[in-house]
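S.K.: sequence unknown, structure follows:
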């Protein structure tokens with residue numbers, strides 16, 4: 001299976017000042033959604049929402065006169081609408097609004113089922129332009145004369161061309177694992193069943209029925225005989241609910257797979273010095289938020305093999321991200337839950353409760369992770385034990 005990759009390098013209107021790069025990715029499957037992701041900067045701080053659209057024409061190379069981008073890309077001759085509308089009620093190019101923060105930065109990460117990268121469809125956005133507008137798009141719901149054509153989104157403040165970069169071959173083997181820890185360490189699909197070491201126990205869990213309870217003093221953990229991270233070019237997302245009862249000065253491992261006790265041969269996800277942490281082969285990423293004991297957290301670790309980006313999420317919000325230089329080569333070694341072999345000298349055991357640990361061989365979007373983190377009603381969790389949900 002291939003993944004199509006396109007990019008747009010955006011600049012301030014009629015200026016050489018870079019705004020950033022947006023990456024578009026799509027699996028080589030008919031009508032597959034397109035993921036739109038990127039970080040933009042150099043925009044006016046505190047301006048909140050900006051209309052965000054694909055326009056008809058590409059711009060001459062190294063010329064960023066956004067007025068030359070033409071109208072919205074609208075091959076089906078429909079009225080302007082919301083990104084979530086069907087094709088009969090929106091332009092292909094209608095991508096809604098994006099929001100700038102107090103520093104003028106914008107984080108973009110969503111999927112759209114209308115735009116396409118394949119040139120065989122009328123909805124292809126290749127060789128078109130992407131435009132950021134000064135004002136909020138009213139999504140066709142306003143009373144202005146241009147609400148049904150432009151969403152009354154105002155002047156064009158930044159733009160760039162959407163160009164195909166590559167078609168990347170990825171593994172066709174999809175892995176989906178869930179350890180619900182409902183009084184056992186079996187995978188929900190009975191494929192990646194775990195073996196308990198030193199008899200971890202179980203406690204009631206607000207995320208499901210029960211959570212597994214690890215105690216580092218007893219060196220408790222779970223071994224998974226099958227290799228999980230065995231593909232050399234595979235994205236992944238690991239998510240879990242955790243409730244640490246102790247936080248060591250070194251590592252509290254959640255999930256790991258190490259070919260030997262050496263950081264250069266290890267994929268290790270967990271907590272280090274009270275912050276979330278990824279050790280990915282020769283790369284490291286540390287979260288920013290400091291965790292506290294006796295609180296429930298939703299955590300997610302993501303690797304996108306197309307954009308070569310590691311990300312950490314805490315309670316549905318991105319906590320840290322980093323571009324890396326290469327893919328993890330993978331191994332055929334056993335995976336471990338609650339410990340790792342990353343170090344010969346330091347303890348790596350997890351202290352606390354863990355529930356709903358999952359692994360999928362794809363990079364989930366920020367929206368999907370937010371939904372996973374907020375899928376449990378706050379009424380089902382003691383407010384004293386749950387660190388504030390993402391909003």
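M.R.: Structure's in. What do you need? Nothing here was measured: the structure is a model prediction, and the numbers come from that model.
S.K.: domains for this structure, by residue range?
M.R.: 2-169, 176-380 (automatic domain parsing).
S.K.: Serialize those to TSV and add fields for mean neighbour count.
M.R.: Yep, even glycine has a C-beta here, placed from its N, CA and C like the rest. Putting the domains of the chain into TSV (neighbours: other CB atoms under 10 Å) gives the following:
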stretch	mean neighbour count
domain 2-169	18
domain 176-380	19
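S.K.: how about those in JSON lines, adding mean pLDDT?
M.R.: Shown next, in JSON lines, are the domains of the chain (pLDDT from 0 to 100):
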{"stretch": "domain 2-169", "mean pLDDT": "89"}
{"stretch": "domain 176-380", "mean pLDDT": "87"}
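S.K.: what ranges do the strands span in the stretch 101-250 of the chain?
M.R.: Under the criterion DSSP state E, counting those that start in this stretch, the stretch 101-250 of the chain contains strands at 106-112, 129-133, 156-169, 176-179, 195-197, 201-204, 210-214, 221-224, 236-244.
S.K.: in CSV, list those along with distance to residue 84.
M.R.: Listed next are the strands of the stretch 101-250 of the chain as CSV, based on distance: least, CB to CB, whole Å:
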stretch, distance to residue 84
strand 106-112, 9
strand 129-133, 19
strand 156-169, 21
strand 176-179, 26
strand 195-197, 45
strand 201-204, 38
strand 210-214, 35
strand 221-224, 39
strand 236-244, 23
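S.K.: closest one to residue 53 among those strands?
M.R.: Residue 53 sits nearest to strand 129-133 of all the strands of the stretch 101-250 of the chain, at 5.4 Å, using CB to CB.
S.K.: by contact count, what packs against the closest one?
M.R.: Packing partners of strand 129-133 (3 or more CB pairs under 8 Å, 6 or more residues apart in numbering; DSSP states H and E): strand 2-12, strand 48-55, strand 156-169.
S.K.: each with direction, which strands does the helix or strand following the second one pair with?
M.R.: So the one you mean is strand 48-55. On the C-terminal side of strand 48-55, the closest following helix or strand by DSSP states H and E is strand 94-100. Sheet pairing of strand 94-100 (DSSP bridges) gives strand 48-55 (antiparallel).
S.K.: ok, and what's touching the partner strand?
M.R.: With contacts defined as CB atoms under 8 Å, 6 or more residues apart in numbering, strand 48-55 is touched by 43, 69-73, 91-100, 106, 108, 115, 125, 128-137, 150-151, 153-154, 157, 159, 162.
S.K.: just say helix, strand or coil for residue 292.
M.R.: Judged by DSSP: H, G, I helix; E, B strand; the rest coil, the three-state class of residue 292 is coil.
S.K.: one more: residue 36?
M.R.: Secondary structure of residue 36, reduced to three states by three-state DSSP: strand.
S.K.: and it, what are its bridge partners?
M.R.: Beta bridges link residue 36 to residue 24, residue 110, judged by DSSP bridges.
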